[in-house]
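Visitor: Structure for the following, please:
(one chain, ligands or ions: 3)
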Amino acid sequence: MPQAVVIIGVQWGDEGKGKIVDYYTSAADIVARFQGGNNAGHTLVVEGKKTILHLIPSGILHPHAKCFIGSGVVVDPENFLEEVSILREAGIQDLENRIYLSDRCHLIVDYHKHLDAARENKKSGKLGTTKRGIGPAYEDRASRRGLRVADLFNEKVFEEKLKENLAEKNFLLKEYYGVSPVSMESFMTKYQGIAKQLKPFIRDVSAELFQSIEEGKKILYEGAQGVLLDVDYGTYPYVTSSQTLPSQAALGLGARVPKDTLFIGVIKAYSTRVGEGPFPTELTDAFGDELRESGSEYGATTGRPRRCGWLDLVAVKYALQVSGIKNLAITKADVLSGLFELKVCTAYEYQGNRLHTIPADSSILAKVTPIYETLPGWSEDLTAIRNINEIPKNLQNYLKFIEEFTGARINLISTGAGREAVIDIQKAF
Ligand code: GDP
Ligand code: IMO
Ligand code: MG
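Guide: Ligands and ions are numbered 1, 2, ... in the order given. A predicted model of the protein is given here:
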């Protein structure tokens, strides 16, 4: 059995990573986030109760698990504290001893959110971001202007950095985007209060994780977004601002992953995407709307309707190639029950040529025509099935088709939103 499992999304996010992480946490000691921020929306359903997490790792509902937030995550402290208080109200205890927040995390502060929104509200260049300030915060990290968690406890440094940032950001907000600037005074008071509340959670996550790995603890790494939203390998520029590939797990936490680590990619049995950007198999007809309703495909963070389409195996195969993933967990096949037949995209056509991968130029991807294979559907309700031998024959064919096309192996099938709705074919831990 491996010491660690890395879970990432291999489509455009919302594959059901949170559900899979929650399921695997029963066998893990630590669940760790390594990138992204509260643009993520990870949904857990336990005994019929829904919990949506944006920043806190999806292991938090298991009282034995520790939850780490590594330096690769951009942290909106207000969002963090709000999530903590929601969990506390829901009866989750001992949070100060269970959530470890890295002192090296970059902070998302008000001007990041204002800048993100101002850019999105401009007529041109809209990406359909979550407006959570993710992009501007990662920009500041790269340009070395960022405020980090540790800075909250050094008033002089915080104030100096803030002054510089506000001069630049307020110029942009006022002069370029024509929106209100952010005031320095309210900012300082607000973040002094936040620092006090944040303190009990702050740890040297890199050192803690290093020690835990040495001690043989079981680690579950939780990715956010998905490979096709990766800043380098996704459908640029319609991507997020972080690296979503499994190699980020080590970088974003400051500790190597254990030698014996299993990498699992989560795929949804069909495709969805929120925000702008090319989506070759998108169904813009009534069937697309039906799929959205039967799959409850509305954003867990912004509530936006998700765009829905057939499974795009060209995109999945590409994502597996760039991420090196060989094992899959598949979710939401239950949503496809009742269809007479299903389509899966196995190639694209562009100007009379066949494409078998995702082109670097997103404007080409926006113009491709998907080539489909049609497979027979199934009508059985899958939700109660726990054994692979009991799944309908046509679903078995569908899964076999995916395995053969991608060369990856399906380790787990999720048959419903609930924690227990799982067919665990090959135990991960
Ligand atoms: P994440 O961002 O990858 O964690 O995924 P989201 O939580 O944003 O979206 C996945 C949605 O599908 C959530 O509402 C889950 O509760 C739900 N879900 C996860 N797995 C399954 C499944 O196998 N079947 C069904 N019907 N719903 C699922
Ligand atoms: P989880 O972890 C789906 C999308 C946004 C937008 C683009 C850039 O729940 O799978 P950003 O706010 O990151 O700058 O937006 O990325 N996006 C997601 N889509 N699931 C997510 O996270 C997403 N996080 C960001 O909709 O298209
Ligand atoms: Mg989500």
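Visitor: For the closest residue to ligand 3 within the stretch 301-429 of the chain, pull up the helix or strand it's in.
Guide: Nearest residue of the stretch 301-429 of the chain to ligand 3 (C-beta to the ion) works out as T301 at 6.7 Å. C-beta here means a position set from N, CA and C on the backbone, and glycine is covered the same way. Per DSSP states H and E, T301 falls between elements, in no helix or strand.
Visitor: residue contacts, it?
Guide: 38-41, 52, 54, 130, 132 (C-beta atoms under 8 Å, 6 or more residues apart in numbering).
Visitor: just checking: which of these also lie near ligand 2?
Guide: Filtering the contacts of T301 for neighbours of ligand 2 using C-beta under 6 Å from any ligand atom leaves 39-41, 130, 132.
Visitor: among those residues, which two are most distant?
Guide: G41 and R132 (10.3 Å; C-beta to C-beta).
Visitor: who has more neighbours, the two?
Guide: R132 (25 against 20; other C-beta atoms under 10 Å).
Visitor: my read: the more buried one touches D110, true?
Guide: No - if you go by C-beta atoms under 8 Å, R132 and D110 don't touch, sitting 11.9 Å apart.
Visitor: What parts of the stretch 201-350 of the chain come near ligand 1?
Guide: Checking the stretch 201-350 of the chain against ligand 1 by C-beta under 6 Å from any ligand atom, the hits are 296, 300, 331-332, 334-335.
Visitor: Return the members of those residues classed as buried.
Guide: 300, 331-332, 334-335 (16 or more other C-beta atoms under 10 Å).
Visitor: one step back: quick one: mark the members of the contacts of T301 that sit in strands.
Guide: I52 (DSSP state E).
Visitor: Which ones, among the contacts of T301, also lie beside ligand 3?
Guide: Among these, proximity to ligand 3 is found for G41 (C-beta under 5 Å from the ion).
Visitor: Identify, from the buried ones among the residues of the stretch 201-350 of the chain next to ligand 1, the entry nearest to D285.
Guide: V335 (17.1 Å).
Visitor: Got the domain ranges for the protein?
Guide: The chain breaks down into these domains under automatic domain parsing: 4-101+204-263, 106-198, 266-424.
Visitor: most packed of these?
Guide: Among the domains of the chain, domain 4-101+204-263 has the highest mean neighbour count (mean count of other C-beta atoms under 10 Å), at a mean of 21.
Visitor: Next, the distance between the ends of that one.
Guide: End-to-end span of domain 4-101+204-263 (C-alpha to C-alpha, to the nearest Å): 9 Å.
Visitor: And for stretch 379-390?
Guide: 13 Å.
Visitor: average model confidence for that stretch?
Guide: For stretch 379-390, the mean per-residue pLDDT is 95.
Visitor: List the contacts of it.
Guide: Counting by C-beta under 8 Å, 6+ apart, 333-334, 337-338, 391-392, 395, 413, 415-416, 421-423, 425 sit against stretch 379-390.
Visitor: which of the buried ones among the residues of the stretch 201-350 of the chain next to ligand 1 lies closest to F429?
Guide: Closest to F429, out of all of those and judged by C-beta to C-beta, is T331, at 18.8 Å.
Visitor: Return the residues in contact with the closest one.
Guide: Contacts of T331 by C-beta under 8 Å, 6+ apart are 15-16, 19-20, 266-269, 414.
Visitor: Can I get the longest helix along the chain as PDB, trimmed to CA atoms?
Guide: Determined from DSSP state H, the single longest helix within the chain is helix 155-171. Only the C-alpha atoms of helix 155-171 are listed here, as PDB (Å, rounded to 0.1, in the frame of the first residue of the first chain):
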ATOM      1  CA  GLU A 155       3.700  45.500  11.500                       C
ATOM      2  CA  LYS A 156       6.600  47.600  10.000                       C
ATOM      3  CA  VAL A 157       7.100  45.300   7.000                       C
ATOM      4  CA  PHE A 158       3.400  44.900   6.500                       C
ATOM      5  CA  GLU A 159       2.800  48.600   6.500                       C
ATOM      6  CA  GLU A 160       5.700  49.300   4.100                       C
ATOM      7  CA  LYS A 161       4.700  46.700   1.600                       C
ATOM      8  CA  LEU A 162       1.100  47.800   1.800                       C
ATOM      9  CA  LYS A 163       2.000  51.400   1.100                       C
ATOM     10  CA  GLU A 164       3.900  50.400  -2.000                       C
ATOM     11  CA  ASN A 165       1.100  48.100  -3.200                       C
ATOM     12  CA  LEU A 166      -1.600  50.600  -2.500                       C
ATOM     13  CA  ALA A 167       0.100  53.300  -4.400                       C
ATOM     14  CA  GLU A 168       0.400  51.100  -7.500                       C
ATOM     15  CA  LYS A 169      -3.000  49.300  -7.200                       C
ATOM     16  CA  ASN A 170      -5.000  52.400  -6.400                       C
ATOM     17  CA  PHE A 171      -3.500  54.100  -9.500                       C
END
